[in-house]
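Novice: all I have is the shape, not the residue letters:
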C-alpha cells in the first residue's frame, strides 16, 4: 500500500480523497489542529532567535504585534499562518497544508501561492495540498493525486471533473466531517451506499 514517503519530491502535490492516517507521521497544518494554550511568543521562541522569528512572521503575513497575543485570540487564518511559521522555523522540508488556501482572501491566496512555489523551486521543499474546494486547487496546480480505495493515480483537473464530479468531493468531505467514514468511496452511487450503511 502507498505511504506518504513515496510521494515526497521537490514539488507541489495536490491530493484528493486522502485516506485517514495517510500523513500520520507528519505535522498537518490545519485549522482543526489545536494550538497550545499559550502566547505566540512561547509557541515560537524555542525554535529560533527573536530576529529570525520576526522575519518568519513577516514572511507568513503576520504582524509583529501578534507576538505577545494569546494563540486562542487568533483567527483561523492567523492560526494557519502561525503553524506555517512554526514549521518553517523548525526546518521541516515537507509541508502538509490542509484547507489552508480556502480560508484566505484572494490577495493573500495569491501571495501564499507564490511563497509555496518559492519554497519548492528555490529551497527544495515538498508541499502537499489538500483542499475541500477543488476550485482553489485548480488555481494552483494542473493535476491532482486521486485516491480511490487502495489505488492512487495522478489525473488532470479536466479528467477529475469528468470522472469524479466536484459535488461528490464536497459531499464526501462534508460526510467525513459529520463522522461518516466514506473517504474511500469514489463514485456518487458508492457514496450514497456508504450513507445508507451509516444510517441503517
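Specialist: Thanks, I have the structure now. Not measured: the values here are computed from a predicted model.
Novice: okay, CA-based contacts and neighbour counts for the rest of this
Specialist: Fine.
Novice: the chain: strands as residue ranges?
Specialist: 12-16, 28-29, 94-98, 126-130, 143-148, 151-156 (DSSP state E).
Novice: could I get those strands as a markdown table with mean pLDDT and mean neighbour count?
Specialist: Below are the strands of the chain laid out as a markdown table (pLDDT from 0 to 100; neighbours: other C-alpha atoms under 10 Å):
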| stretch | mean pLDDT | mean neighbour count |
| --- | --- | --- |
| strand 12-16 | 86 | 22 |
| strand 28-29 | 90 | 20 |
| strand 94-98 | 93 | 21 |
| strand 126-130 | 92 | 22 |
| strand 143-148 | 82 | 20 |
| strand 151-156 | 83 | 14 |
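Novice: separation between residue 39 and residue 107?
Specialist: 27 Å (C-alpha to C-alpha, to the nearest Å).
Novice: so these two - more neighbours on which side?
Specialist: A count of neighbours by other C-alpha atoms under 10 Å puts residue 39 above the other of residue 39 and residue 107, at 17 against 8.
Novice: residues contacting residue 68?
Specialist: 39-41 (C-alpha atoms under 8 Å, 6 or more residues apart in numbering).
Novice: distance check, it against residue 46.
Specialist: As judged by C-alpha to C-alpha, residue 68 and residue 46 stand 15 Å apart.
Novice: for residue 53, same thing?
Specialist: Plainly put, residue 53 is 10 Å away from residue 46 if you go by C-alpha to C-alpha.
Novice: if you count what's nearby, which of those two comes out ahead?
Specialist: The residue with more neighbours, out of residue 53 and residue 46, is residue 53; 22 against 12, by other C-alpha under 10 Å.
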